[in-house]
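In: I would like to see how this sequence folds:
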Amino acid sequence: MTPWLRKIGRFAGSGLAAVLVFGVFLSLSFHEVWWGRSDAAWTPSITDQDAARLMNTAWAVLGDKDDASGSVATPDDVAAVVLAAYSKDQPESFPTMVGAPAGDDLRSTVASLAGKLRSKSRSQGALPAGLSMHLVRRPSELSVDYLARNGVTYQRGLHGLMTCGDGSCVALPGPVIHARGLSYASALKRLNKGGGAKIDDIDEGGGLHRFLDEGYTSTAPDAAPARLYRASTLIHDLDANAIREACRIGGDFLARIQRSNGRWYYEYNPETDKLEKRDYNILRHAGTTYSLYQLYRKIPDPKYVQAADAGIRYLKSKISADPRDDGRLYVEDHRQAKLGGSGLALMAFVEKHHAVGTTPEDERIMEGLARHCMLSQNPDGSFESYHDAPGLSYKSRRSIYYPGEAMVGLIRYHQIHPERKDILEVVQKAADYLVGERWRMLGVEWNVPPDAWLALALEELHQVSPKPEYADYAFKIAEGMLSDQWIDVYPQRDYHGGYFPAPPAVTPAGSRSEGITAAWLVAQRIGDKERMTRLADGIKRAARYQIGCMIRPEFVHLYPNPERALGVFRHNPLRSFTRIDYNQHNISGLLVAADILEVVDSL
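Out: Below you'll find the model as predicted:
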């Protein structure tokens, strides 16, 4: 056999082996993801009324009060119950947990567990900040650690974990694992040290088990319990008022994490209660400032304008004049002047103009920023993404999103200075290039990126220059976004309404919401009712996902610092960390979504 034939044979053999390994992994994954994880979209084993009765029993026992609730029959697949209490005085401490076999009557089991909690916490002399009840369903052994560790046979938040041996188990509920920032490995470490709810007299065999966690939580006696899905709840019904309330809570979070110099703590992890101020991004600072002025215009709470004003003051410290043209102003950070930074800063100042008015200095800055954006345009309508002034680090790379950000800033500046035809001409020239040339080659359109900023710019340009090309391209952007939206066939219910890939991230959901709402406004303007309906359906699905990713009052006590964590738009359903632009994009998109859904519901 020649060397080449041997090489071909080895290559073919390696390929066949890889295909076989991949096939085995795929079959296991398919079973777990589609059928095994169908327990991720389970039907609850008890009714909402029974859940409320059980939680009321727990609160009554904790408060030394009588409970007249009747029995609740234990469903066949419930093996045990865990009850967890969250401290009001020391919320950062791990919840106090007790567990027991389910028995025949869940109400009796819960009452007994609440009595154990009361005896453990009587010295505190007060009811806890919250209670959660976890039904341990369908325990099964986790025999392949690699598959569990990599999210195939174990889903963080949906599954609890327990180690068993000698007729007892120690269990950690899934939402507790999630909200307290435990990885799979750290959860095992805690379990192996006995850190969890001990369940005596249960026969599940030895070893490590997962269980489907059917969790419920409430914050006070007689409060309706929320059914947990990971460390959150699913959103089913949503109206404009609920969306605006979510925006309010999200704005409150931004106001709380602002520093004295006007900057924000850039990142926050509610699972560990850790704030980060490193790697600050001035573009996201400008966008956050803009969103708070936008929020103030809808909900005139002084805290929003105070935070936005502080943000503007810091933003001013980052604005420089071109040494060759002192009327040309740009946002400079880390020796770079990105076009998107100047566009977003201009948007923030324009929003301030509408919210509270502007000073002569603000007017000068707006004119300088607009001048920079206009002078950054090339003869063909494209923009330079980075400025080449002396002392700056210039890049020839073209950003996908900076042109749209500059266009939105310019068209909104034109709205307060409609006499400035030169500004409108720049925006029109940019739109003609981006719509007709940017992604075309040999007469073929190769790509329509999910550019929400461009969709916003086209919608507002269409108000004064209603060219069909602008409307059509805004629709292309929105339809492309909707084609990436997760729909109800996927088993992970908290992914529904988010956008590809998996798990869907909340920031793209917020920015896409901005783009799709812009397209809806165009459709409304031209009377395209069929498109309005289709886009509104996508907007509502996205809003349910977006608010589903928010840490809300009904379950905030699960986290170590409830006061700080309230209002966080979490990164995705699996990871809870946030960054300031997560709240910014979602607030901005949801405010417009609320107005649209209010119109839709009135039709």
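
In: domains of the chain?
Out: In terms of domains, the chain is parsed into 35-227, 240-602 (source: automatic domain parsing).

In: least reliable of the ones you listed going by mean pLDDT?
Out: Looking at the domains of the chain, the lowest mean pLDDT belongs to domain 35-227 (a mean of 90).

In: Which stretch among the domains of the chain approaches residue 233 most closely?
Out: Closest approach to residue 233 among those is made by domain 35-227 (4.8 Å; CB to CB). Where C-beta positions appear, they are placed from N, C-alpha and C, glycine not excepted.

In: Serialize the domains of the chain to TSV and add fields for mean neighbour count and distance to residue 234.
Out: Formatted as TSV, the domains of the chain follow (neighbours: other CB atoms under 10 Å; distance: least, CB to CB, whole Å):
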stretch	mean neighbour count	distance to residue 234
domain 35-227	19	8
domain 240-602	20	6
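
In: okay if I get those domains as CSV plus distance to residue 233?
Out: Listed next are the domains of the chain as CSV, based on distance: least, CB to CB, whole Å:
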stretch, distance to residue 233
domain 35-227, 5
domain 240-602, 6
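
In: Which of the three states applies to the nearest residue to residue 66 once chain neighbours are set aside?
Out: Nearest residue to residue 66 in three dimensions, chain neighbours excluded: residue 60, at 6.7 Å (CB to CB, 6 or more residues apart in numbering). Here residue 60 is helix, with the state taken from DSSP: H, G, I helix; E, B strand; the rest coil.

In: who's in contact with residue 60?
Out: Listed by CB atoms under 8 Å, 6 or more residues apart in numbering, the contact partners of residue 60 are 66-67, 114, 221.

In: so which pair among these is furthest apart in space?
Out: Going by CB to CB, the pair spanning those furthest: 66 and 114, at 13.1 Å.

In: rewinding a little: quick check, nearest of the contacts of residue 60 to residue 75?
Out: Nearest member of the contacts of residue 60 to residue 75, counting by CB to CB, is residue 114, at 20.0 Å.

In: Settle this for me: the closest one is touching residue 64, isn't it.
Out: No. Using CB atoms under 8 Å, residue 114 is not in contact with residue 64, being 10.5 Å away.

In: distance of residue 515 from residue 282?
Out: According to CB to CB, to the nearest Å, residue 515 stands 23 Å off from residue 282.

In: what do you get for residue 178?
Out: Distance, residue 178 to residue 282, using CB to CB: 33 Å.

In: same deal with residue 48?
Out: Using CB to CB, we find residue 48 at a distance of 48 Å from residue 282.

In: Let me see the contact set for the residue nearest the centre of the chain.
Out: For the chain, the residue nearest the mean C-alpha position is residue 506 (3.1 Å; CA atoms, centre = their mean). Going by CB under 8 Å, 6+ apart, residue 506 touches 498, 545-546, 549, 569-572, 582, 586.

In: Looking at those residues, which one is closest to residue 422?
Out: Distances from residue 422 to these, taken by CB to CB, are shortest for residue 586, at 34.6 Å.

In: give me the element the closest one is part of.
Out: Residue 586 is located in helix 580-602, with elements delineated by DSSP states H and E.

In: by contact count, what packs against that helix?
Out: With contacts taken as 3 or more CB pairs under 8 Å, 6 or more residues apart in numbering; DSSP states H and E, helix 580-602 sits against helix 240-256, helix 282-298, helix 506-526, helix 529-548.

In: mind giving me a markdown table with those and columns for distance to residue 479?
Out: Below are the helices and strands packed on helix 580-602 laid out as a markdown table (distance: least, CB to CB, whole Å):
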| stretch | distance to residue 479 |
| --- | --- |
| helix 240-256 | 23 |
| helix 282-298 | 25 |
| helix 506-526 | 8 |
| helix 529-548 | 8 |
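
In: ok, which stretches of the stretch 51-200 of the chain are strands?
Out: 78-86, 96-101, 130-141, 159-165, 168-172, 197-199 (DSSP state E, counting those that start in this stretch).

In: The ones you listed: which one's closest to residue 151?
Out: Smallest distance to residue 151 across these (CB to CB): 10.2 Å, for strand 159-165.

In: Measure how that closest one sits relative to strand 168-172, angle-wise.
Out: 160 degrees (axes from the mean of the first three to the mean of the last three CA atoms, to 10 degrees).

In: now the strands for the stretch 301-450 of the chain?
Out: For the stretch 301-450 of the chain, the strands defined by DSSP E, counting those that start in this stretch occupy 319-322, 325-331, 440-441, 444-445.

In: So which of the ones you listed is nearest residue 195?
Out: Of the strands of the stretch 301-450 of the chain, nearest to residue 195 by CB to CB is strand 325-331, at 48.4 Å.

In: Distance-wise, check the closest residue to residue 207 other than its chain neighbours relative to residue 327.
Out: Take residue 207 and drop its neighbours on the chain: the residue closest to it by CB to CB, 6+ apart is residue 141, 5.4 Å away. Using CB to CB, we find residue 141 at a distance of 72 Å from residue 327.

In: Please apply the same query to residue 297.
Out: 30 Å.

In: Tell me which of the strands of the stretch 301-450 of the chain sits nearest to residue 432.
Out: strand 440-441 (12.2 Å).

In: Given that closest one, what are its sheet partners and their directions?
Out: Looking at strand 440-441 with DSSP bridges, its partner strands are strand 444-445 (antiparallel).

In: How far away from the center of its chain is the partner strand?
Out: Offset of strand 444-445 from its chain centre (CA atoms, centre = their mean, to the nearest Å): 34 Å.

In: got the angle for the helix or strand following that strand vs helix 580-602?
Out: Counting by DSSP H and E, the next helix or strand C-terminal to strand 444-445 is helix 452-464. Interaxial angle of helix 452-464 relative to helix 580-602 (the same axes, to 10 degrees): 40 degrees.

In: Does the residue nearest to residue 207 touch residue 169 like I think?
Out: No. Counting by CB under 8 Å, residue 141 stays clear of residue 169, with 11.8 Å between them.

In: list the residues that contact both of the two?
Out: Contact with both residue 141 and residue 169 is made by residues residue 209, according to CB under 8 Å, 6+ apart.

In: about what we covered before: how about the helices and strands packed on helix 580-602, which one is nearest residue 173?
Out: Nearest of the helices and strands packed on helix 580-602 to residue 173, taken as CB to CB: helix 529-548 at 19.6 Å.

In: Work out the gap between the closest one and the centre of the chain.
Out: With CA atoms, centre = their mean as the basis, helix 529-548 stands 16 Å off its chain's centre.

In: just the angle between that helix and helix 580-602, please?
Out: Between the axes of helix 529-548 and helix 580-602, defined by the same axes, to 10 degrees, the angle is 130 degrees.

In: Just the C-alphas of the helix or strand that helix 529-548 is followed by, formatted as PDB.
Out: Downstream of helix 529-548, the next assigned helix or strand under DSSP H and E is helix 562-565. C-alpha atoms of helix 562-565 as PDB (Å, rounded to 0.1, in the frame of the first residue of the first chain):
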ATOM      1  CA  PRO A 562     -31.900  41.500  47.200                       C
ATOM      2  CA  GLU A 563     -31.800  45.300  47.600                       C
ATOM      3  CA  ARG A 564     -29.000  45.600  45.000                       C
ATOM      4  CA  ALA A 565     -30.000  42.800  42.600                       C
END
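
In: I'm done for today, thanks for sticking with me.
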